[in-house]
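> this one's sequence-less:
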C-alpha cells in the first residue's frame with residue numbers, strides 16, 4: 001500500500017476496515033478485493049505528488065524567489081546609475 005502518495009494506502013485500509021465491520025465475513029473478502037482495486041484505480045488517476053516532491057518544489061521556488069529578488073535589486077541599482085549619468 002505504500003505505492004500511493006499522501007497516505008492513500010492508509011485511507012484504503014480504513015475504508016476496508018469499515019466495510020469489513022459492516023459486511024458479513026463471506027462477502028467482506030470479495031468486496032474488499034473489488035473495492036481495493038477500484039480505489040487504487042481512482043487514486044492512480046489522480047494528479048497528485050508525494051510530500052517529498054512537494055517539499056523539493058517548495059525549495060526550488062524559494063531559491064528562485066531569492067534569485068528574482070536579487071535581480072530586481074541589481075536592476076534597480078543599474079537604473080539609478082543610468083539615471084545619474086543622464087543628469
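Nice, thanks for sending it over. Given the structure is predicted, the values throughout are model-derived calculations rather than measurements. Numbering: from 1, shown residues only.

> rounded mean pLDDT for stretch 72-85, please.
Average pLDDT, stretch 72-85: 95.

> in that stretch, what's buried?
Within stretch 72-85, no residue qualifies as buried by neighbour count (16 or more other CB atoms under 10 Å). To be clear about C-beta, it is placed using only N, CA and C from the backbone, and glycine gets the same treatment.

> give me the distance between that stretch and the centre of its chain.
Distance of stretch 72-85 from the chain centroid (CA atoms, centre = their mean, to the nearest Å) equals 40 Å.

> which residues sit against that stretch?
By CB atoms under 8 Å, 6 or more residues apart in numbering, no residue outside stretch 72-85 reaches it.

> the helices in this protein, which residues?
Assigned by DSSP state H, the helices in the chain fall at 8-22, 25-45, 51-86.

> tilt between the shortest one and helix 25-45?
Read that as helix 8-22. Computed by axes from the mean of the first three to the mean of the last three CA atoms, to 10 degrees, the angle separating helix 8-22 from helix 25-45 equals 160 degrees.

> now helix 8-22: average pLDDT?
According to the model, helix 8-22 has a mean pLDDT of 77.

> helices or strands next to that helix in the packing?
Helix 8-22 sits against helix 25-45, with contacts defined as 3 or more CB pairs under 8 Å, 6 or more residues apart in numbering; DSSP states H and E.

> roughly how far is the helix it packs on from the heart of the chain?
Helix 25-45 has its C-alpha centroid displaced from the chain centroid by 24 Å (CA atoms, centre = their mean).

> residues touching it, excluding its own?
Contacts of helix 25-45 (CB under 8 Å, 6+ apart): 4, 8, 12, 15-16, 19-20, 23.
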